[in-house]
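Asker: build me a model:
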Amino acid sequence: MKKALQLILLLPAFSSWLACAQREEVKQYAAIEKYPADTLLTSLTPGRAMVLIAHDDDMCAMTGTLSILNKKGWVIKVLSIDKGPKRNEAHRKACRHLADTVSFLPLRPDQLRRDTKSDQPPYYALPKSAFDTVFIVGNVKPLLLAEISGFKPDVLFTLDHELGGYGHPEHVFISDLVFQMAQQGEITPRYLYQSVFSDHMEVSIMGRHRKRMISWGFPGDEWDNAKEVYQTPNGMPEPDVQITIVSEAEEKMQFLQSYNERERKTLGFFIPAFQEYTAHEYFSIFDREFFRIIRVDKRSLNGIQSNNTR
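Answerer: Here you go, the predicted model:
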């Protein structure tokens, strides 16, 4: 009886050890590079920030930074394309500790793209020269202009406008459209903060993704194809700055865990094995977020000055 009781008491510890032993080792995917610490956002505090993304989960690599700004009193608005009531509600829940407002562009797939009946997957890269043919800019641009002009952000957070993270054409289209509007003076944020990975993160995480896709019977060539299509052989632009987000571990993990199961699985492609770790464990490893900063300078001829054109 005594031995049985001892065994029962040891079971939780054994289960915890077994779970740790079986989970994926993620240190291999964390950034090994060092970049200058961001000081610009601190100088603007408190300010107004808008997150402008194609899909709700595209902001996963910037949420620690948004949590920091939220606690400093920034007014934050998140804007993405409508994905239906269930998913939209999950996004609102995910952003509850990060943003003051969560809004959605009221666009059906056929109001965003003309190729919805194509056999090619919607995430497969398209050359920018095809954007005006594939995307219905006349539906999208007025909505973006109205939202941005109405909110008047000091800082606009997007994905990079060259590769859009991993090459999804909707990522590139939205980020490039924002970049062009800033370049042409149609919108006047002071800065664009483009969420990017370090080189080591990008290569190792996308290498992991490629292997997984091949093991599931897919070609696994999406990222390599995207780099070729968008003529970005080095992948995403290199970061200008890093922001330490260890203090926001719980908030960032709450954001990731708030999504529905399908979206959590998608997030797991690019935030490897986050569901296997506690917030403190995971974001002690992935302890920084990275950004390319573009200054919107009204005095320059083209309206844009970038620290990093790579």
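Asker: contacts and neighbour counts: CA atoms only from here.
Answerer: Fine.
Asker: all helices of the stretch 1-150 of the chain, in order?
Answerer: Ranges of helices in the stretch 1-150 of the chain, per DSSP state H, counting those that start in this stretch, are 2-22, 40-44, 63-71, 85-94, 109-112, 131-134, 137-151.
Asker: mean neighbour count, the ones you listed: which tops it?
Answerer: helix 63-71 (a mean of 21; mean count of other CA atoms under 10 Å).
Asker: now it: average pLDDT?
Answerer: Helix 63-71 shows a mean pLDDT of 97.
Asker: so which elements touch it?
Answerer: helix 249-257 (3 or more CA pairs under 8 Å, 6 or more residues apart in numbering; DSSP states H and E).
Asker: quick revisit: could I get the helices of the stretch 1-150 of the chain as TSV with distance to residue 281?
Answerer: Formatted as TSV, those follow (distance: least, CA to CA, whole Å):
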stretch	distance to residue 281
helix 2-22	11
helix 40-44	27
helix 63-71	15
helix 85-94	20
helix 109-112	38
helix 131-134	41
helix 137-151	37
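Asker: the ones you listed: which one's closest to residue 119?
Answerer: helix 131-134 (13.8 Å; CA to CA).
Asker: gap between that closest one and the chain center?
Answerer: 23 Å (CA atoms, centre = their mean, to the nearest Å).
Asker: the closest residue to residue 93 other than its chain neighbours and residue 277, how far apart?
Answerer: Once flanking residues are discounted, residue 93 sits nearest to residue 258: 6.4 Å by CA to CA, 6 or more residues apart in numbering. According to CA to CA, to the nearest Å, residue 258 stands 15 Å off from residue 277.
Asker: now residue 108
Answerer: In terms of CA to CA, residue 108 sits 36 Å off from residue 277.
Asker: counting neighbours, go ahead and name the busier of these two.
Answerer: Neighbours per residue (other CA atoms under 10 Å) separate residue 108 from residue 277, with residue 277 holding more: 16 against 12.
Asker: please report phi then psi for that one.
Answerer: Residue 277 has phi and psi values of phi -130, psi 160 when expressed as degrees, to the nearest 10.
Asker: residue 213 - how many residues pack around it?
Answerer: Quick note: residue 213 (other CA under 10 Å) scores 16 neighbours.
Asker: helix/strand/coil for it?
Answerer: helix (DSSP: H, G, I helix; E, B strand; the rest coil).
Asker: is it true that it touches residue 207?
Answerer: No - with contact defined as CA atoms under 8 Å, residue 213 and residue 207 do not form a contacting pair (10.0 Å).
Asker: rewinding a little: quick check: the gap between the residue nearest to residue 93 and residue 40.
Answerer: From residue 258 over to residue 40 the distance is 30 Å, taken as CA to CA.
Asker: do residue 182 as well
Answerer: From residue 182 to residue 40 the distance is 19 Å (CA to CA).
Asker: ok, residue 96 next?
Answerer: Counting by CA to CA, the gap from residue 96 to residue 40 is 25 Å.
Asker: how about residue 173?
Answerer: Here residue 173 is placed at a distance of 27 Å from residue 40 (CA to CA).
Asker: same check, this time on residue 91
Answerer: In this view, residue 91 and residue 40 are 28 Å apart by CA to CA.
Asker: can you check residue 52 too?
Answerer: From residue 52 to residue 40 the distance is 20 Å (CA to CA).
Asker: what of residue 232?
Answerer: Taking CA to CA, one finds residue 232 at 27 Å from residue 40.
Asker: could you count how many residues lie near residue 230?
Answerer: Applying other CA under 10 Å, we find 20 residues neighbouring residue 230.
Asker: what distance separates the start and the end of stretch 51-68?
Answerer: 14 Å.
Asker: and stretch 72-84, by the same measure?
Answerer: 32 Å.
Asker: now do that stretch: distance to the chain's middle.
Answerer: 13 Å.
Asker: what comes up buried for that stretch?
Answerer: Neighbour-count burial for stretch 72-84, counted by 16 or more other CA atoms under 10 Å, picks out 74-83.
Asker: mind listing what the longest strand seen in the chain pairs with, with the direction of each?
Answerer: If you go by DSSP state E, the chain has its longest strand at strand 288-296. Take DSSP bridges as the rule and strand 288-296 pairs in its sheet with strand 191-196 (antiparallel), strand 241-244 (antiparallel), strand 304-306 (antiparallel).
Asker: comparing these, which comes out most buried?
Answerer: strand 191-196 (a mean of 25).
Asker: CA atoms of that one as PDB?
Answerer: C-alpha atoms of strand 191-196 as PDB (Å, rounded to 0.1, in the frame of the first residue of the first chain):
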ATOM      1  CA  TYR A 191       7.700  55.200 -39.300                       C
ATOM      2  CA  LEU A 192       7.000  51.800 -40.700                       C
ATOM      3  CA  TYR A 193       8.100  48.900 -38.500                       C
ATOM      4  CA  GLN A 194       8.300  45.800 -40.600                       C
ATOM      5  CA  SER A 195       8.400  42.500 -38.600                       C
ATOM      6  CA  VAL A 196      11.200  40.200 -39.700                       C
END
